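Chemist: Structure for this input, please:
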Amino acid sequence: MQKYSKKILSLSESATIAVASLARKLQAEGKDVLSFSAGEPDFDTPKIIKEEAIRALNCGFTKYTSVAGIPDLLQAISNKLKRDNNLDYDAKEIIVSNGAKQSLFNTFQAIIDEGDEVIIPSPYWVTYPELVIYSGGKPVFVETSEEYEFKARGIDFEKAITNRTKAIVLTSPSNPTGMVYTKEELRVIADIAIKHDLWVISDEMYEKLLYDGEFISIGSLDNEILKRTITINGLSKSVAMTGWRMGYAACKDATLIKLMDNLQSQCTSNINSITQKASIVAINGGADTDIEYMREAFKERRDMACRLIDEIPGLSVVKPNGAFYLFLNIQKVNGYNGDSMKFCKALLEQVGVALVPGSAFGMDGFVRMSFACSLEQLKEGFTRINKFIRDNNTKPQA
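Modeler: Model (predicted):
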């Protein structure tokens, strides 16, 4: 008898969580470690949101709710999507889940049959392929390049499509690169999805953290692509609510949303009732001033980090348009031949800096660095990285 299921054995631990956990362990042991690995804002949840949570708690709003979310929250999300993104979703076409991860899990479980293929541009967020595989599907990776700012082109998608292709995963702004698709680039992808009758799973978690250009939801382009789009979003990143676990999926196919509701009803049921009440304040704009403050702070950090990178020999980066990550090119660093895991291990051991290897995101030769930290931490981090790279560059080539 096989002790564990094949499905569960196919899952790997999240590389970003693994690195962050290792950094915390070393810090607890008294090691001087600066961790730039976690995708979590360093700001506190805005006061107005916390106050609403306290109010809900004091009012006894602590019971079960409907699986998809309370009506006021679903309507607030519907209004937000129309107001901010020009997306027309009714409340019945939305389901709230325990973070965007569960929204994605529900989505893949609801649309994928054994052997279905899902196209994922690389580099990608580490969770996408794992969820596709767990759902019985096959991730098909479309490689991107620095030359095109790590964005997949129409020709790349066309080459990857087969008669088993079910969906395209789109992330803008991107984790790990911070790149943002333009309206023209989205139009090309939308036309391909319409032509081949594919789902587009549009992860828009970082939409509020934009520093250059304009954020466009692919579903807003026209009704044809809207009815093929599953929009994923939440409050973890933009409103510093990572631990509150609030994500949502929206789709014009109300039957699909009901199927997700059925699935969620059998595993987690509704998300935390208090989180739901507090989320309404955030979605209705009550924390917009806080969001803008955080966005400006992240922009300042990004700009400073890019200036510091320019001063380090062998290190380079394509300046991100959004999110709070730097996808650093390490291919010219002496002694590592672009081996991102080897580089990260040595960096942590020698100077106490924790980054995430690009291999975890499907692209070796790069490492991901979060700038969701103070300017002082960034400066110290780059001072250590500079020393590490300069020391390596003075060593003879192997």
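Chemist: mind listing the helices in this protein by residue range?
Modeler: For the chain, the helices defined by DSSP state H cover 6-9, 15-28, 47-58, 71-85, 99-111, 127-134, 154-160, 183-196, 223-226, 254-265, 273-283, 288-310, 340-351, 375-393.
Chemist: mean pLDDT lowest for which of the ones you listed?
Modeler: Per-segment confidence across the helices of the chain bottoms out at helix 15-28, which has a mean of 74 in mean pLDDT.
Chemist: so what's R55 up against?
Modeler: R55 makes contact with K277, according to Cβ atoms under 8 Å, 6 or more residues apart in numbering. Quick note: C-beta positions are derived from backbone N, CA and C, even for glycine.
Chemist: D197 versus that one, what's the distance?
Modeler: Applying Cβ to Cβ, to the nearest Å, the value for R55 to D197 is 47 Å.
Chemist: Could you do K166 as well?
Modeler: Taking Cβ to Cβ as the criterion, K166 is separated from D197 by 10 Å.
Chemist: So which of these two has more stuff around it?
Modeler: Under the criterion of other Cβ atoms under 10 Å, the comparison of K166 against D197 puts K166 first, with 20 against 9.
Chemist: Looks like that one contacts L198 (just checking).
Modeler: Yes: if you go by Cβ atoms under 8 Å, K166 and L198 touch, sitting 6.8 Å apart.
Chemist: Mutual contacts of these two, please.
Modeler: In the contact map built from Cβ under 8 Å, 6+ apart, no residue is linked to both K166 and L198.
Chemist: pLDDT score assigned to the closest residue to F327 other than its chain neighbours?
Modeler: Spatially, and ignoring its direct neighbours in sequence, F327 is nearest to T177 (4.4 Å; Cβ to Cβ, 6 or more residues apart in numbering). At T177 the predicted local distance difference test score is 98.
Chemist: The residue nearest to Y181 when sequence neighbours are not counted: how many residues sit nearby?
Modeler: If you skip the residues right next to it in sequence, Y181 has S172 as its closest partner in space, 4.4 Å away by Cβ to Cβ, 6+ apart. Residues within reach of S172, counting by other Cβ under 10 Å, total 26.
Chemist: I'd assumed T275 was in contact with W244.
Modeler: Yes: distance between W244 and T275: 4.6 Å, which falls inside the contact criterion (Cβ under 8 Å).
Chemist: More neighbours: which of these two?
Modeler: Using other Cβ under 10 Å, the more surrounded residue of W244 and T275 is W244, with 24 against 21.
Chemist: Thought V169 was touching D203, still the case?
Modeler: Yes: D203 is within contact range of V169, at 7.0 Å (criterion: Cβ under 8 Å).
Chemist: Just give me how far stretch 22-30 sits from the chain centre.
Modeler: Here stretch 22-30 shows a centroid-to-chain-centroid distance of 25 Å under the convention Cα atoms, centre = their mean, to the nearest Å.
Chemist: can you pull the buried residues of that stretch?
Modeler: In terms of neighbour count (16 or more other Cβ atoms under 10 Å), stretch 22-30 has its buried residues at 23, 26.
Chemist: do stretch 381-389 as well
Modeler: Quick answer for stretch 381-389 (16+ other Cβ under 10 Å): 381-382, 384-386, 388-389.
Chemist: What is the nearest of those to F157?
Modeler: Distance from F157 was checked for each of the buried residues of stretch 381-389 by Cβ to Cβ. The minimum falls on I385, at 35.3 Å.
Chemist: so what's the closest one closest to, chain neighbours aside?
Modeler: Leaving aside its chain neighbours, I385 sits nearest to V353 (5.9 Å; criterion: Cβ to Cβ, 6+ apart).
Chemist: contacting residues for that neighbour?
Modeler: By Cβ under 8 Å, 6+ apart, the neighbours of V353 are 33-34, 36, 347, 381, 384-385, 388.
Chemist: Next, format the residues you listed as CSV and append distance to T107.
Modeler: Putting those into CSV (distance: Cβ to Cβ, whole Å) gives the following:
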residue, distance to T107
V33, 36
L34, 36
F36, 30
L347, 36
G381, 35
R384, 40
I385, 37
F388, 40
